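**Q** structure for the following, please:
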Amino acid sequence: MLASKNFLRTAARLTGRRFNSTLVVAEHDDQKLAPVTLNAISGAAKLGSDISVLVAGANATAVAGEVAKIANVKRVLVAQDAKLKAGLPERVAEVVLASHNQFKFTSIVAGASAFGRGLIPRIAGRLNVSPISDVTEVHSAETFSRPIYAGNAIAKVKSTAPVKLITFRSTAFPPAAVEGGSASNEEAPKAKFSTEQSEFLGQELSKSERPDLATAKIVVSGGRGLKSGENFKIIYDLADKMGAAVGASRAAVDAGYVPNDMQVGQTGKIVAPELYIAVGISGAIQHLAGMKDSKVIVAINKDKEAPIFQVADFGLEADLFKVVPEMTKLL
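**A** Numbers count the residues shown, from 1 in each chain. Sure, this is the predicted structure:
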């Protein structure tokens, strides 16, 4: 296999064409891989190239072993250093650049999460190329589709840059199979990074017994129509009966009804569950951008002119304070 790859690289060099290879930067918490990385690997597979995955962290060995089993992954680069704790983009970027300098990847990609959005543009700036964010479809190794204007239009873009810097929207690609791969693990090239620009002090993680909002199959979201944080109890009760995650519109978050980690929308989380129930949400463009790819959308709103009804598969024009408790009882 190694000889075959070397032959392909030599042939590509002699014909003036580059051997396609992609580096996926893994997102993880030093214990387990973030689901968005599986979606990014599926997106990378559509580029038609060999896939390497970089696992950089303070304790990367266990995650690297997990990544090695993922289908379509050919190589796992492991960078383990206490200074890489929490995946600070200023430091991970240096590891990515060192890896690229050695292997000359034609694409460097990550999931379109807070991690990917902080990392990929930084690397693109260092390589003097334009990043391509929120890719939802891969037409070829150079041509992609991505949403613009809060998802109201889809742009088809072509990049002739020598290396493509891409973030893949997780809702547009299925997760890669976690079994079936047998990638080799090797140490990532050494990188020098400054510890003066930023420092990891700590983090507070929200805990919930409900499914994770980004990956849940059912999501119940509340909006400004609930009028207070206390009234969100009827949303929680319905979600608990359905085994659903709970989301919220930006208006509800801005009003202080719920914390911002529950926000669904362009500046919140992008979700595409099997069932999305929007309760008291008018359907502003910002919110629709984060949930309109859901398989089935149900809207409950007393305003029959609410824009949410334009994208809903089922709409119920009614007082949410009456119908939501009734739905919960019927369940």
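**Q** looking at it, residue 53 is touching residue 66, isn't it?
**A** No: between residue 53 and residue 66 there is no contact under Cβ atoms under 8 Å: 10.2 Å. Where C-beta positions appear, they are placed from N, C-alpha and C, glycine not excepted.
**Q** who has more neighbours, those two?
**A** The neighbour comparison of residue 53 against residue 66 (other Cβ atoms under 10 Å) goes to residue 53, with 29 against 18.
**Q** that one and residue 85: what is the separation?
**A** 19 Å (Cβ to Cβ, to the nearest Å).
**Q** tell me where this structure has helices.
**A** Secondary structure of the chain, counting by DSSP state H: helices at 2-14, 35-45, 61-68, 89-103, 114-127, 233-242, 250-254, 285-291, 308-311, 320-330.
**Q** against which helices or strands is the fifth one packed?
**A** It refers to helix 114-127. Packing partners of helix 114-127 (3 or more Cβ pairs under 8 Å, 6 or more residues apart in numbering; DSSP states H and E): strand 21-25, helix 89-103, strand 107-111, strand 132-135, strand 164-168.
**Q** quick check: which of the helices of the chain is buried the most?
**A** helix 35-45 (a mean of 25; mean count of other Cβ atoms under 10 Å).
**Q** average pLDDT across it?
**A** The pLDDT scores in helix 35-45 average 96.
**Q** tell me the angle it makes with strand 21-25.
**A** Taking axes from the mean of the first three to the mean of the last three Cα atoms, to 10 degrees, one finds that helix 35-45 is oriented at 170 degrees with respect to strand 21-25.
**Q** give me the helices and strands touching helix 35-45, please.
**A** Against helix 35-45 (3+ Cβ pairs under 8 Å, 6+ apart) you get strand 21-25, strand 50-57, strand 107-111, strand 164-168.
**Q** distance check, the nearest residue to residue 317 once chain neighbours are set aside against residue 315.
**A** Nearest residue to residue 317 in three dimensions, chain neighbours excluded: residue 304, at 4.9 Å (Cβ to Cβ, 6 or more residues apart in numbering). Using Cβ to Cβ, one gets 8 Å for the distance from residue 304 to residue 315.
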